[in-house]
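Visitor: below is the structure, and that's it, no one-letter string:
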């Protein structure tokens, strides 16, 4: 009879083997997990693709914005708005301590009153001098002196009035008002802060003029961008794509084209949005698609569509096909095409495609006819290129 320790070891090994066998049988019986539909990069077929499409990142800005500062220096007494507040035209945004300006106004008022009194005295003296000169009682020198004194007093009154006007103007400027209706985008002012004249304390974006996108256009493309060109714009931060699967897009019109390069030999280009998407704010990122005319004069004669070379699947006998996405069934279907040559990184398709077809643009060798897929978020598509 085997020793007790040997029998125990045998039972342990037998139990372990039984468990392994049970797990193996369960693994064979369990169905393999269902994989999620493949996400594909895609592009909507358009006749506009005969031109080169360039996607350039930019920043959303207000069509009308401004930096605000007090025209006079002083101590901040009140700040009446906060960052992000909506304000109306001529609304008070902040006030300086008015006492120094009020004292200056009173001092100039007193100075003006004194100047007027001296002017009245000089006028009366001159009137008497005229009578005495007519009666040949005083000399010509005394007469001229009285007339000059009257002119000097008149000038002093004019100067005092000007100083009083400036003092009253400074008093009004101790209140900073909104130049138009909009929103406070930057606030750099606090209570009791000592401000210098011209120190910027607020920045405002207009709420009436709309929004625009500013991009830096490379020097190789700037000559082919013109005022009035229409562009498509996407806003990744709010999930707004440039071209959605239903064909809609956010449009903008090029309003300004810079004539002097900035950093990196890039030129500023601004495009005003036709409509403002909900949730869009100045400072957000935008991605602008420009349809840039090609330098190749033969491109304009292509009777068909341009698609990325990676979208065409090479088959036997020099045949090519593409995978078309069907939104109704969320599947792709293989379709034969007739190419018409290569243009840069695109292939010209003469037959087999129609306007607004959605095609897979990457990984086509791994797709099959009728395969269920989903469309990759367009932002991910652009980053993958």
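Guide: Noted; the coordinates are in hand. Values in this document were obtained by computation on a predicted structure and should not be read as measured data.

Visitor: report how many residues lie close to residue 338.
Guide: 13 (other C-beta atoms under 10 Å). Placement of C-beta: from N, CA and C, glycine included.

Visitor: any idea which helix or strand carries it?
Guide: Residue 338 belongs to strand 331-343 when assigned by DSSP states H and E.

Visitor: I'd like the next helix or strand past that strand.
Guide: Tracing the chain past strand 331-343, the next element assigned as helix or strand by DSSP H and E is strand 346-351.

Visitor: quick one, that next one and strand 331-343 angle?
Guide: 110 degrees (axes from the mean of the first three to the mean of the last three C-alpha atoms, to 10 degrees).

Visitor: do you know the pLDDT at residue 146?
Guide: Per-residue pLDDT puts residue 146 at 95.

Visitor: give me the secondary structure label for the closest residue to it other than its chain neighbours.
Guide: Using C-beta to C-beta, 6 or more residues apart in numbering and skipping residues adjacent in sequence, the residue nearest residue 146 is residue 129, 3.7 Å away. Secondary structure, DSSP: H, G, I helix; E, B strand; the rest coil: residue 129 is helix.

Visitor: separation between residue 309 and residue 321?
Guide: 14 Å (C-beta to C-beta, to the nearest Å).

Visitor: which elements pack onto the helix or strand where residue 287 lies?
Guide: For residue 287, the host element (DSSP H and E) is strand 285-292. Other helices and strands packing on strand 285-292, by 3 or more C-beta pairs under 8 Å, 6 or more residues apart in numbering; DSSP states H and E, are strand 52-62, strand 211-218, strand 230-234.

Visitor: gap between the helix or strand that comes right after it and the chain center?
Guide: Once the chain leaves strand 285-292, the next helix or strand it forms, by DSSP H and E, is strand 305-308. Relative to the chain's own centre, strand 305-308 is displaced by 31 Å; criterion: C-alpha atoms, centre = their mean, to the nearest Å.

Visitor: what of stretch 91-109?
Guide: Stretch 91-109 sits 38 Å away from the centroid of its parent chain (C-alpha atoms, centre = their mean).

Visitor: let me know the pLDDT of the residue nearest the centre of the chain.
Guide: For the chain, residue 60 is the residue whose C-alpha lies nearest the centre (C-alpha atoms, centre = their mean; 0.8 Å). Looking at residue 60, its pLDDT is 93.

Visitor: what bridges to it?
Guide: On the basis of DSSP bridges, residue 60 is bridged to residue 213.

Visitor: that one contacts residue 211, doesn't it?
Guide: Yes - at 5.6 Å, residue 60 counts as touching residue 211 under the criterion of C-beta atoms under 8 Å.

Visitor: domains for the chain, by residue range?
Guide: Following automatic domain parsing, one gets these domains for the chain: 38-48+299-384, 52-63+210-292, 66-97+179-208, 99-173.

Visitor: overlap in contacts of residue 60 and residue 211?
Guide: 280, 282 (C-beta atoms under 8 Å, 6 or more residues apart in numbering).

Visitor: returning to what we had before: turn the helices and strands packed on strand 285-292 into a markdown table, including distance to residue 46.
Guide: As requested, these are arranged in a markdown table below (distance: least, C-beta to C-beta, whole Å):
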| stretch | distance to residue 46 |
| --- | --- |
| strand 52-62 | 9 |
| strand 211-218 | 21 |
| strand 230-234 | 10 |
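
Visitor: for residue 206, give me its contacts.
Guide: 62-65, 180-182.

Visitor: do that again at 10 Å, thanks
Guide: Contacts for residue 206 (C-beta atoms under 10 Å, 6 or more residues apart in numbering) come out as 62-66, 179-183, 282.

Visitor: pick out the most distant pair among those residues.
Guide: For the contacts of residue 206, the farthest-apart pair by C-beta to C-beta is 179 and 282; their separation is 16.7 Å.
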